[in-house]
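*Asks:* Just a sequence and a predicted model for now, questions to come.
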Amino acid sequence: MAPTAPELQFDTQFDAQTGQPVAVAEGIVRVTAPNASPFTFTGTNSFLVGHQKLALIDPGPIDPMHEAALLKAIGGRPVTAILLTHTHRDHSASAKMLAQKISAPLWFGGPHRLSRPLRRFESNPIQKSCDWDLVPDRTLVDGETIPAGDMTINVHTTPGHCANHLAFGVVGSDLLFSGDHVMGWNSTLVSVPDGSMADYLASLDKLIALPYRRYLPAHGDRIADGPAHAAALRAHRQMRNQQVLDAVDAGARTIGAVVRAIYPNQPTKVRMAARMTIMAHVEYLEKLEQLTAKRGPFGPRLHVSRS
């Protein structure tokens, strides 16, 4: 039997106040974009950091209403940089256009890239959601300290959801901008080869060890105890690993069969998203030599590894 993970307390009652500037901490204002969807919850949170000078984190999708809301919240103050947690288009599509409009440089963790090369017969299922052509004016690296308006943040690389994902810790506080890596409304999509489950779990361990308590995610409300929530997410993923092994051991030989075994009553759209993350779990278990997968044009054939 699969072990029971600590129950995740997801907050799905979040009042985003879409388009309105909402003060969430000293010197930090949230403006949520009107791009609600099953993958973005109430929409992408953009954050303004600073007082007299600002930094803008995750400007979000191209949307005239959101752009107008951001410009109104900026109120003519200088923006020292636009920062991206990563280059999925719900976070980054408006970045280049807005950077030109407010004369701000664009800083993030390098151009979008896959977590590993494509295999034969393979495609990237979220290809169109990635901002492949966006190039930073400055590539941020792990451990550096950078100005954010008239405040300061530390850069932490957190690959997993995608290869160039970053989290930003506010110096002198217990606040962390956690992007899509840790969210309070749902678990994070990890879709190979864009993302990597091994990287995702390692990045969870990294954040848990850092001295930040309150997380400000890119979707949904703030998380009061970020490390505890991250630990519960990690346990949940380990539970999924065991469920995959149990399903294959019981005879499931394809990704579809594993998904049906783990999510028997979920609607089709949920199972489509689950399929992507289950594939990431399979690759992780392959690296641990707990599963073998013989790949062909119709997907992998799965077997539990026997010592």
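*Replies:* Arrived safely. Numbers count the residues shown, from 1 in each chain.
*Asks:* List the strands paired with whichever strand or helix holds Val49, with their directions.
*Replies:* When elements are defined using DSSP states H and E, Val49 is found to belong to strand 45-50. Strand partners for strand 45-50, identified by DSSP bridges, are recorded as strand 28-32 (antiparallel), strand 54-57 (antiparallel).
*Asks:* Relative to Ala257, which of those strands is closest?
*Replies:* With respect to Ala257, and counting by CB to CB, the nearest of the strands paired with strand 45-50 is strand 28-32 at 38.6 Å. Placement of C-beta: from N, CA and C, glycine included.
*Asks:* Work out the gap between that closest one and the centre of the chain.
*Replies:* On the basis of CA atoms, centre = their mean, to the nearest Å, the separation between the geometric centre of strand 28-32 and that of its chain is 18 Å.
*Asks:* cool, and stretch 291-302?
*Replies:* 27 Å.
*Asks:* Of all the residues in stretch 220-238, which ones are buried?
*Replies:* Counting neighbours by 16 or more other CB atoms under 10 Å, one finds that the buried residues in stretch 220-238 are 220-223, 226-227, 229-235, 237.
*Asks:* just stretch 193-205 next, same as before
*Replies:* Using 16+ other CB under 10 Å as the test for burial, stretch 193-205 gives Pro193, Asp194, Gly195, Ser196, Met197, Ala198, Asp199, Tyr200, Leu201, Ser203, Leu204.
*Asks:* Widest-spaced pair of those?
*Replies:* Put simply, by CB to CB the two of the buried residues of stretch 193-205 set farthest apart are Pro193 and Leu204, 19.7 Å from each other.
*Asks:* Let me know how buried Thr18 is, in neighbour terms.
*Replies:* Other residues within reach of Thr18, judged by other CB atoms under 10 Å, total 17.
*Asks:* wait, doesn't it sit right on Gly43?
*Replies:* Yes - contact criterion CB atoms under 8 Å: Thr18 and Gly43 qualify, at 6.0 Å.
*Asks:* Touching both of these two, which residues are there?
*Replies:* Jointly contacting Thr18 and Gly43 under the rule CB atoms under 8 Å, 6 or more residues apart in numbering are Thr32, Ala33, Pro34, Ala36.
*Asks:* Put the buried members of those residues into a PyMOL selection.
*Replies:* In PyMOL, the members of the shared contacts of Thr18 and Gly43 classed as buried (16+ other CB under 10 Å) are selected with the following command:
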select buried, resi 32+33+34
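*Asks:* Among the shared contacts of Thr18 and Gly43, which are located in helices?
*Replies:* Members of these lying in helices (criterion: DSSP state H): none.
*Asks:* quick one: Ile153 and Lys101, what's the gap?
*Replies:* From Ile153 over to Lys101 the distance is 23 Å, taken as CB to CB, to the nearest Å.
*Asks:* can you pull out the strands in the stretch 201-307 of the chain?
*Replies:* For the stretch 201-307 of the chain, strands defined by DSSP state E, counting those that start in this stretch occupy the ranges 214-217, 291-294, 301-304.
*Asks:* which of those sits most buried?
*Replies:* Greatest average neighbour count among the strands of the stretch 201-307 of the chain goes to strand 214-217 (a mean of 24), per mean count of other CB atoms under 10 Å.
*Asks:* just checking, what packs against it?
*Replies:* Packing partners of strand 214-217 (3 or more CB pairs under 8 Å, 6 or more residues apart in numbering; DSSP states H and E): strand 22-25, strand 45-50, strand 175-179, helix 226-249.
*Asks:* how about the ones you listed, which one is nearest Arg213?
*Replies:* Closest of the helices and strands packed on strand 214-217 to Arg213 is helix 226-249, at 6.1 Å (criterion: CB to CB).
*Asks:* which other helices and strands contact that closest one?
*Replies:* Under the contact definition 3+ CB pairs under 8 Å, 6+ apart, helix 226-249 sits against helix 197-209, strand 214-217, helix 255-262, helix 268-287, strand 291-294, strand 301-304.
*Asks:* so how far is Val29 from the nearest residue to Val171 once chain neighbours are set aside?
*Replies:* Taking CB to CB, 6 or more residues apart in numbering, and ignoring the residues beside it in sequence, Val171 has Thr152 as its nearest neighbour in space, at 4.1 Å. As for Thr152, its distance to Val29 is 17 Å (criterion: CB to CB).
*Asks:* ditto for Gly19
*Replies:* If you go by CB to CB, the gap between Gly19 and Val29 works out to 13 Å.
*Asks:* and what of Val171?
*Replies:* If you go by CB to CB, the gap between Val171 and Val29 works out to 18 Å.
*Asks:* Between these two, tell me which one has more neighbours.
*Replies:* In this comparison of Val171 against Val29, neighbours counted by other CB under 10 Å, the higher total goes to Val29 at 18 against 14.
*Asks:* And the closest residue to that one other than its chain neighbours, how close does it get to Asp63?
*Replies:* Beyond its immediate neighbours in the sequence, the residue positioned closest to Val29 (CB to CB, 6+ apart) is Leu48, lying 4.4 Å away. Here Leu48 is placed at a distance of 17 Å from Asp63 (CB to CB).
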